[in-house]
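Asker: this one's structure only:
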C-alpha cells in the first residue's frame with residue numbers, strides 16, 4: 001500500500017492507471033474496515049477525484065459521492 005501511495009500521490013497519470021486497474025473498490029474496503037492502512041487510503045482516494053475522467057467514472061460506479069460524504073463523519077478528517 002505504501003508503494004502504491006508513493007507512486008500515485010504526485011502523479012495524476014498513475015492515479016488514472018490505478019483507477020482503471022480497479023483500485024477504487026479495494027481502497028474503499030480498506031477505509032470501511034478501519035484498517036491501519038486507511039491513513040494512506042483516504043488521501044489516495046480523495047486525490048482520484050482530481051486525477052481525470054477515468055478515475056471519476058470509476059468513483060461514480062462505486063458510489064463514490066456517498067462514500068465521501070460518509071467520510072465526513074470520521075472525526076480525524078473533520079475540520080476543527
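Answerer: Thanks, I have it. In this text the structure is predicted, and so the values were computed from the model without any measurement.
Asker: what's the distance between stretch 28-39 and the middle of its chain?
Answerer: In terms of Cα atoms, centre = their mean, to the nearest Å, the centre of stretch 28-39 is set 10 Å apart from its chain centre.
Asker: Verify the contact between residue 14 and residue 6 for me.
Answerer: No - the criterion here is Cβ atoms under 8 Å, and residue 14 misses it with residue 6 at 9.9 Å. Yep, even glycine has a C-beta here, placed from its N, CA and C like the rest.
Asker: so where's the chain uncertain?
Answerer: 76-80 (pLDDT under 70).
Asker: Helices of the protein, start to end?
Answerer: 2-8, 12-20, 24-32, 38-51, 53-61, 64-71 (DSSP state H).
Asker: For these, give me JSON lines that also has mean neighbour count.
Answerer: Listed next are those as JSON lines, based on neighbours: other Cβ atoms under 10 Å:
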{"stretch": "helix 2-8", "mean neighbour count": "14"}
{"stretch": "helix 12-20", "mean neighbour count": "18"}
{"stretch": "helix 24-32", "mean neighbour count": "17"}
{"stretch": "helix 38-51", "mean neighbour count": "18"}
{"stretch": "helix 53-61", "mean neighbour count": "16"}
{"stretch": "helix 64-71", "mean neighbour count": "14"}
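Asker: Spatially, what comes nearest to the spatially most central residue of the chain if we skip its sequence neighbours?
Answerer: The centroid of the chain falls nearest to residue 45 when counting by Cα atoms, centre = their mean (1.1 Å). Among residues not flanking residue 45 along the chain, residue 27 sits closest, at 4.7 Å (Cβ to Cβ, 6 or more residues apart in numbering).
Asker: was I right about the one you found contacting residue 44?
Answerer: Yes - using Cβ under 8 Å, residue 27 makes contact with residue 44 at a distance of 6.2 Å.
Asker: OK, contacts around the residue nearest to residue 50 when sequence neighbours are not counted?
Answerer: Nearest non-adjacent residue to residue 50, counting by Cβ to Cβ, 6+ apart: residue 12, 7.3 Å away. Contact analysis of residue 12 by Cβ atoms under 8 Å, 6 or more residues apart in numbering lists 50, 51, 52.
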